[in-house]
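In: structure here, sequence nowhere to be found:
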């Protein structure tokens, strides 16, 4: 993961989107593809409760790249965004983005 590339993508997109987030995902998503809703997890267990959006790290945070690196795994890292709504998640720096689409892949 190249921090400079991620920051460049965030800066380039921030004036065009209402909200931006960084998300790790095992799926191979394309730019422009809708990400879909996330599910609530409790102590590593999927509760089966569907959320009203996609979980991500708030890209407007100064520590967003450091936070997402804690969640990085062998999947893909995406910059996602929405023109609609978002709300705070349960984890540090987490937001839940409604109608999120992929803006960039890293």
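Out: Ah, there it is. Everything quoted here is computed from the prediction, not taken from an experiment.

In: for the lowest-mean-pLDDT helix or strand in the chain, buried residues please.
Out: Lowest on mean pLDDT, DSSP states H and E among the helices and strands of the chain sits helix 64-71, with a mean of 88. Applying a neighbour-count criterion of 16 or more other CB atoms under 10 Å, the buried positions in helix 64-71 are 64, 65, 67, 68, 69, 71. Quick note: C-beta positions are derived from backbone N, CA and C, even for glycine.

In: distance of the second one relative to residue 102?
Out: Distance, residue 65 to residue 102, by CB to CB, to the nearest Å: 18 Å.

In: swap in residue 82?
Out: With distances taken as CB to CB, residue 82 is found 11 Å from residue 102.

In: kindly report the same for residue 36.
Out: For residue 36, the distance to residue 102 - CB to CB - is 11 Å.

In: which one's more surrounded, the two?
Out: Ranked by neighbour count (other CB atoms under 10 Å), residue 36 and residue 102 place residue 102 first, with 20 against 13.

In: thought the more buried one was touching residue 31?
Out: Yes - at 5.2 Å, residue 102 and residue 31 qualify as touching, with contact defined as CB atoms under 8 Å.

In: who touches the least confident helix or strand of the chain?
Out: With contacts defined as CB atoms under 8 Å, 6 or more residues apart in numbering, helix 64-71 is touched by 1, 3, 6-7, 10, 22-24, 57-58, 61, 77, 92-93.

In: now stretch 43-54
Out: With contact meaning CB under 8 Å, 6+ apart, stretch 43-54 is reached by 21, 23, 35-41, 80, 82, 85-87, 96-100.

In: buried only: go through these for me.
Out: Buried by 16+ other CB under 10 Å: 21, 23, 35, 37-38, 80, 82, 86, 96-100, out of those.

In: ok, the nearest residue to residue 28 once chain neighbours are set aside - contacts?
Out: Using CB to CB, 6 or more residues apart in numbering and skipping residues adjacent in sequence, the residue nearest residue 28 is residue 76, 6.5 Å away. Residues near residue 76 by CB under 8 Å, 6+ apart: 24, 25, 26, 27, 28, 29, 105, 106.
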